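Student: no letters, just coordinates:
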């Protein structure tokens, strides 16, 4: 079994209004050095498979099909054997 | 002859009854609700993917609805030329299903926008717009994620093929960013697929189709669909 954590990021060329709003918040709080704020998603789940390569392939497909929208998002993930 | 409309109901749909009312009561057609867990379109002639917040908009708008059993059938129906209209959340489901290109991002303002807008009819030769006599109609919007976006080449293709059916405008039909409520690229409010059988639009024609609502501009969208079947 593997514990998987996925991070889904909006591609840098795509506008991120949420990130922008949060950055404005940072400025309001006086954090002048903070910039480039982007909001993504953090998702974790377990995969009940023994073979690491097979599990990796399963996770990749799952991310491609559902967790990320390939039109605007990229994903990365880590797997930890438990 | 009556046309049979199938209105898909997801957990979180909230314009399903409005759409049902328009086609059943205003237009005197047949209508039936189609539950998201069903896999039978019940011989419907037209499928409506209604507005709302299917599956709570979790993950991304329309992302989970896209994998429901009924949408599986809707995709097959559309790929065989069946008439499908997606309104608001329905439009979001259509882009997630790849029945229409592009994505609907969060509104540029980050705010949920609920108000009447004017739409310039850019193409009245489609099966969804053939009976729209006016060149500009007033229709309400109510969405947080209606900011249409697609790659430059897709936008070019949409424009060149006259696939942009509705564009945000003023009451005279002038389009500009000033009348764009959500930041949509090229002020796009509604598009059709290349084959002409699938339409997605963010504004809600079903919410302005009765005299009692003081605005009947939206009913012509549904009248167009019916007229196309009868002709």
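Tutor: Received the coordinates, thanks. Treat the numbers as computed from the prediction; the structure is a model and nothing was measured.

Student: where along chain A do the helices fall?
Tutor: A:17-28, A:52-62 (DSSP state H).

Student: go through those and name the closest to residue B:122.
Tutor: Across the helices of chain A, residue B:122 has its closest neighbour in helix A:17-28 (25.9 Å, CB to CB). For the C-beta atoms, the positions are set from N, CA and C on the backbone; glycine is no exception.

Student: go through the closest one and flag the buried ones.
Tutor: A:17, A:18, A:19, A:22, A:23 (16 or more other CB atoms under 10 Å in any protein chain shown).

Student: got those as CSV, with distance to chain B columns?
Tutor: CSV is the format used below for the buried residues of helix A:17-28 (distance: CB to the nearest CB, whole Å):
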residue, distance to chain B
A:17, 5
A:18, 6
A:19, 10
A:22, 10
A:23, 12
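
Student: looking at these, which one is closest to residue B:202?
Tutor: Distances from residue B:202 to the buried residues of helix A:17-28, taken by CB to CB, are shortest for residue A:17, at 16.1 Å.

Student: show the contacting residues for the residue nearest to residue B:14 when sequence neighbours are not counted.
Tutor: Spatial nearest neighbour of residue B:14, chain neighbours left out: residue B:52 (4.0 Å); criterion: CB to CB, 6 or more residues apart in numbering or on different chains. Applying CB atoms under 8 Å, 6 or more residues apart in numbering or on different chains to residue B:52 gives the contacts B:10, B:12, B:13, B:14, B:15, B:16, B:88, B:89.

Student: then residue A:6?
Tutor: The neighbourhood of residue A:6, defined by CB under 8 Å, 6+ apart, consists of A:41, A:42, A:43, A:44, A:45, A:59, A:63, A:67, A:75, A:76, A:77.

Student: what do you get if the cut-off is 7 Å, keeping everything else the same?
Tutor: Shown in contact with residue A:6 (CB atoms under 7 Å, 6 or more residues apart in numbering or on different chains): A:43, A:63, A:67, A:75, A:77.

Student: identify the bridge partners of the last one.
Tutor: Read that as residue A:77. Taking DSSP bridges, one obtains residue A:6 as the residues bridged to residue A:77.

Student: so it makes contact with residue A:5?
Tutor: Yes - using CB atoms under 7 Å, residue A:77 makes contact with residue A:5 at a distance of 6.4 Å.

Student: higher neighbour count, those two?
Tutor: residue A:77 (18 against 13; other CB atoms under 10 Å in any protein chain shown).

Student: next one: the more buried one from residue A:30, what distance?
Tutor: With distances taken as CB to CB, to the nearest Å, residue A:77 is found 35 Å from residue A:30.

Student: check residue A:65 too.
Tutor: From residue A:65 to residue A:30 the distance is 43 Å (CB to CB).

Student: what does residue B:87 show for phi and psi?
Tutor: Residue B:87 adopts backbone torsions of phi -110, psi 130, taken as degrees, to the nearest 10.

Student: ok, now which ones touch it?
Tutor: B:15, B:50, B:51, B:201, B:204, B:206.

Student: one more time with 6 Å
Tutor: Shown in contact with residue B:87 (CB atoms under 6 Å, 6 or more residues apart in numbering or on different chains): B:50, B:51, B:204.

Student: residues making contact with stretch A:33-48?
Tutor: For stretch A:33-48, using CB under 6 Å, 6+ apart, the contacting residues are A:1-9, A:16, A:18-19, A:22-23, A:26, A:55, A:67.

Student: now the terminal residues of it, how far apart.
Tutor: One end of stretch A:33-48 to the other measures 43 Å (CA to CA, to the nearest Å).

Student: buried stuff in it?
Tutor: A:40, A:43, A:47.

Student: repeat for stretch B:140-159
Tutor: Buried residues in stretch B:140-159, counted by 16+ other CB under 10 Å: B:140-150, B:154-155, B:158.

Student: how far out from the middle of the chain is it?
Tutor: 13 Å (CA atoms, centre = their mean, to the nearest Å).

Student: avg pLDDT for that stretch?
Tutor: The average pLDDT for stretch B:140-159 rounds to 97.

Student: is chain A within reach of it?
Tutor: No - Stretch B:140-159 is not in contact with chain A by CB under 6 Å from any CB of the partner chain; minimum separation 7.1 Å.
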